[in-house]
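>>> next come a sequence and a model predicted from it.
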Amino acid sequence: MLIKKYDLEVFTPPCDPGAERYAARARLTVDISEVLLYLNATLRGAIYHPGANALTWKKGGHNIAFHAYEIATSNVEDREGAEQEIEGLIDLANRTWKRRDEIKPDKTTRQRPTPMAIYKLLPNTNCKRCDEPTCYSFALKLAASKKKLADCPILGEPIYEDKFTALKEMVLFPAE
Ligand code: SF4
């Protein structure tokens with residue numbers, strides 16, 4: 001196991017007082033810089049920042065960052081959820097490190113697609129079956145990882161197969 005112990009801090013970001021969103025960070029006693037390259041190879045939607053020696057990721061609308069000596073999350077709904085998320089991220093880093101012989105490390109920096117680029121590949125029916133008022137609204141949520149491709153049932157229709165395939169490659173989000 002790479003990360004055996006860490007100091008956990010949960011707080012409400014001072015820039016957003018009263019927002020009732022929580023952030024948490026684990027301060028590590030080991031350098032996980034090398035793990036970032038394996039996480040970059042395996043986490044869909046992650047963005048590696050070589051200059052900052054960091055990897056950012058969005059999960060369920062939460063903002064996640066891995067640094068050499070720190071793992072952090074923000075925009076979490078409650079304190080307990082923030083703690084659990086950090087525990088899950090520590091576990092993820094450890095599991096990824098354990099599997100490193102099976103993974104080719106990746107130094108690539110990917111760009112997140114813009115909402116407009118996503119929108120252009122959506123069915124554009126504005127049918128609201130994704131619980132969004134328009135396809136563009138869905139694209140905004142998808143770009144922010146607050147929706148998944150599978151939340152648009154129309155994309156599963158054969159006529160949209162090519163667009164669905166392109167979206168899966170572009171947005172790097174899980175399709176389910
Ligand atoms: S379900 Fe799909 S097609 Fe319908 S509004 Fe949402 S994104 Fe557009």
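Right, received. Where do you want to start? Numbering: from 1, shown residues only.
>>> what average pLDDT does the helix or strand containing Asp91 get?
Counting by DSSP states H and E, the element that carries Asp91 is helix 79-98. In this model, helix 79-98 carries a mean pLDDT of 96.
>>> distance between whichever helix or strand comes after it and the chain's centre?
Next helix or strand after helix 79-98 toward the C-terminus (DSSP H and E): helix 115-119. For helix 115-119, the separation from the chain centroid amounts to 18 Å (computed by CA atoms, centre = their mean, to the nearest Å).
>>> for helix 115-119, packing partners?
helix 135-143, helix 161-171 (3 or more CB pairs under 8 Å, 6 or more residues apart in numbering; DSSP states H and E). For every residue, glycine as well, the C-beta is placed using N, CA and C.
>>> three-state assignment of the residue located most distally from the centre of the chain?
Distance from the C-alpha centroid of the chain peaks at Ile159, with 28.9 Å (CA atoms, centre = their mean). Under DSSP: H, G, I helix; E, B strand; the rest coil, the three-state class of Ile159 is helix.
>>> helix/strand/coil for Thr73?
Taking three-state DSSP, the label given to Thr73 is strand.
>>> sorry, back to before: of all the helices and strands packed on helix 115-119, which one is nearest the ligand?
Closest approach to the ligand among the helices and strands packed on helix 115-119 is made by helix 135-143 (3.4 Å; CB to the nearest ligand atom).
>>> can you pull the buried residues of that closest one?
For helix 135-143, a neighbour-count test (16 or more other CB atoms under 10 Å) marks Cys135, Tyr136, Ser137, Phe138, Ala139, Leu140, Lys141, Leu142, Ala143 as buried.
>>> quick one, what contacts the second one?
Looking back up the chat, that one is Tyr136. Pro115, Tyr119 (CB atoms under 8 Å, 6 or more residues apart in numbering).
>>> tell me how far it lies from Lys120.
To Lys120, Tyr136 is 10 Å away according to CB to CB, to the nearest Å.
>>> lowest-scoring secondary structure element of this protein by mean pLDDT?
When the helices and strands of the chain are compared on mean pLDDT, DSSP states H and E, helix 161-171 comes out lowest with a mean of 85.
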